[in-house]
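Q: My questions concern the predicted model and sequence given below.
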Amino acid sequence: MTSPSPFSLPAVLNPPMTGREAVVDALYRCVMAFDTNDTALFDSSFMPDGVFEVNGRALEGLAEIHATGLALIFQLDTTHLVSNVRVHMRTGTGTPKAGPVEKEVEEKEASLTATVLSQHFAGGKGMEPGQKNLMSGSLYRAELTQDTDRLWKFSHMQIKSTWVQGDYSVVGGNFADMGQ
């Protein structure tokens with residue numbers, strides 16, 4: 001297990017976030033964990049039985065995600081830039097909110113899409129001139145649930161790379177072959 005990075009904030013921020021902002025924060029926690037090798041921050045973004053799917057290769061549960069996905073990602077120097085985030089809150093999937101309006105429901109499920117630009121270098125080599133690297137543009141699609149700790153977490157995250165530029169050897173081969 002890796003130590004928290006000085007560039008990672010705690011999973012629970014103050015003041016607490018609500019609604020769409022809290023859903024999007026699950027994605028920010030996830031990619032910041034990639035870039036800072038912060039296992040605890042990553043775990044705060046995924047349900048224990050969550051599915052992490054990269055180009056059709058599905059990893060199920062945190063144990064497999066750690067052993068295969070994070071083992072690969074955490075050995076690299078990476079930067080993930082997130083844009084075009086859209087969130088769909090599913091109403092009627094939660095519990096009634098306390099307050100004067102009885103029909104209002106606190107959402108407990110959401111879907112998210114985003115575009116992510118990722119740069120990958122071999123671990124410890126990112127600042128060295130002339131190093132092999134791999135850049136990718138990807139689409140992210142995710143299903144999220146609000147956990148008992150009130151953090152939004154991925155139950156299923158799909159990543160589909162739409163283009164790559166550079167050298168696949170930086171990540172040990174084609175993304176679709178990850179861990180096989």
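A: Structure's in. What do you need? Numbers count the residues shown, from 1 in each chain.

Q: quick one: average confidence on stretch 11-28?
A: Averaging pLDDT along stretch 11-28 gives 92.

Q: what sits against the residue most central in space within the chain?
A: Among the residues of the chain, the one closest to the centroid is Cys30, at 3.2 Å (Cα atoms, centre = their mean). Applying Cβ atoms under 8 Å, 6 or more residues apart in numbering to Cys30 gives the contacts 42, 45-46, 154, 157. C-beta here means a position set from N, CA and C on the backbone, and glycine is covered the same way.

Q: Same question for Asp49.
A: Contacts of Asp49 by Cβ under 8 Å, 6+ apart are 60-62, 155.

Q: ok, so of those, who is nearest Ala26?
A: Ser155 (10.5 Å; Cβ to Cβ).

Q: Look up how far Ile65 lies from the residue nearest to the centre of the chain.
A: 11 Å (Cβ to Cβ, to the nearest Å).

Q: can you check Asn84 too?
A: 24 Å.

Q: okay, these two: which has more neighbours?
A: Legend: neighbour count by other Cβ atoms under 10 Å for Asn84 and Ile65, higher for Ile65 (22 against 10).

Q: what separates the more buried one from Phe42, distance-wise?
A: Ile65 is 8 Å from Phe42, by Cβ to Cβ.

Q: Check Val85 too.
A: Distance check for Val85 against Phe42: by Cβ to Cβ, it reads 18 Å.

Q: Who has more neighbours out of those two?
A: Taking neighbours as other Cβ under 10 Å, Val85 and Phe42 compare with Phe42 leading, 27 against 16.

Q: Now, the contacts of Asp49 that are in strands?
A: Per DSSP state E, strands hold the following members of the contacts of Asp49: 60, 155.

Q: Redo the contacts of Asp49 as a markdown table? Include pLDDT and distance to Glu53.
A: Shown next, in a markdown table, are those (pLDDT from 0 to 100; distance: Cβ to Cβ, whole Å):
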| residue | pLDDT | distance to Glu53 |
| --- | --- | --- |
| Glu60 | 98 | 9 |
| Gly61 | 97 | 13 |
| Leu62 | 97 | 14 |
| Ser155 | 98 | 12 |
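
Q: want to throw the contacts of Asp49 into CSV with distance to Thr18 and neighbour count?
A: Below are these laid out as CSV (distance: Cβ to Cβ, whole Å; neighbours: other Cβ atoms under 10 Å):
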residue, distance to Thr18, neighbour count
Glu60, 30, 13
Gly61, 28, 15
Leu62, 26, 19
Ser155, 20, 15
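
Q: which residues are common contacts for Cys30 and Ile65?
A: Phe46.

Q: where does the protein have low pLDDT?
A: Along the chain, segments meeting pLDDT under 70 span 1-3, 92-105, 173-180.

Q: now the strands for it?
A: 46-54, 57-60, 76-90, 95-96, 105-106, 109-122, 133-146, 152-166.

Q: just how off-centre is the first one within its chain?
A: For strand 46-54, the separation from the chain centroid amounts to 9 Å (computed by Cα atoms, centre = their mean, to the nearest Å).
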